[in-house]
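> Quick check, what structure comes out for this input:
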Amino acid sequence: MKQREGIEYIDGVAEDTSLPDQSIDLIVAANAYHRFNPEAAIKEFARILKPQGWLAIFSYYDDHNFFRDTMLVCNIAQYNERLAATRHQEPATYFYGDSAPHRFLFRQEHYETWDEYWGAVVSGMEAPDESEDWFEIFQEAHKQRFNKIASNGQITVRYSTEVWLGQPKYG
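Purely as a prediction, here's the structure:
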């Protein structure tokens, strides 16, 4: 990552940031909260946030079922096991404790070629790499899906960016 002047970079995870107690005004989690260990992350958030600190969670809101269908396109046991192992089921609001965060939706629409779609699919940590025996089955299932919904070599991807913003209250 390119270093920028005036910014301190640290190596940490949501559950163990190494930041000082009550030192943070705003925590931002972008499309990652579903991978946190919920209880450990909440404990760390409570520790590092200043008393009037804020939490912002950015995520995808799948209002057109595009992402759901992308994950369900191939019912391969190895893929389903990875999905289950890397995601908890808590909603974003769980990380706010006893407070009620504000929710904002920003509608998105863009177009992708096969290469763009496939690049997004295989960039997910659950996707197989080329050395795994189920890679070709996974790829073929996605090719079939892409070709079914494509027009002139492109698909339309519709979803919303969901933003939760609030001051967590942990009891």
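> So the spatially most central residue of the chain versus Glu5, what's the distance?
For the chain, the residue lying nearest the average C-alpha position, counting by CA atoms, centre = their mean, turns out to be Asn31 (2.8 Å). Between Asn31 and Glu5 the computed distance is 27 Å (CB to CB, to the nearest Å). Quick note: C-beta positions are derived from backbone N, CA and C, even for glycine.
> Which strand or helix spans Val163?
Using DSSP states H and E, the secondary-structure element containing Val163 is strand 155-166.
> And the contacts of that strand?
With CB atoms under 8 Å, 6 or more residues apart in numbering as the contact definition, strand 155-166 has outside contacts at 54-64, 66-67, 92-93, 96, 99-112, 117, 146, 149.
> CA atoms only for the lengthiest helix in the chain, dumped as PDB, please.
Secondary structure of the chain per DSSP state H: the longest helix is helix 135-149. As requested, C-alpha coordinates have been extracted for helix 135-149 and formatted as PDB (Å, rounded to 0.1, in the frame of the first residue of the first chain):
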ATOM      1  CA  PHE A 135     -11.700 -24.900  -9.800                       C
ATOM      2  CA  GLU A 136     -12.900 -25.900 -13.300                       C
ATOM      3  CA  ILE A 137     -16.400 -26.800 -12.100                       C
ATOM      4  CA  PHE A 138     -16.600 -23.500 -10.200                       C
ATOM      5  CA  GLN A 139     -15.400 -21.500 -13.300                       C
ATOM      6  CA  GLU A 140     -17.800 -23.300 -15.700                       C
ATOM      7  CA  ALA A 141     -20.800 -22.700 -13.400                       C
ATOM      8  CA  HIS A 142     -19.900 -19.000 -13.400                       C
ATOM      9  CA  LYS A 143     -19.400 -19.000 -17.200                       C
ATOM     10  CA  GLN A 144     -22.900 -20.400 -17.600                       C
ATOM     11  CA  ARG A 145     -24.400 -17.900 -15.300                       C
ATOM     12  CA  PHE A 146     -22.600 -15.000 -17.000                       C
ATOM     13  CA  ASN A 147     -23.700 -16.100 -20.500                       C
ATOM     14  CA  LYS A 148     -27.300 -16.600 -19.300                       C
ATOM     15  CA  ILE A 149     -27.600 -13.000 -18.100                       C
END
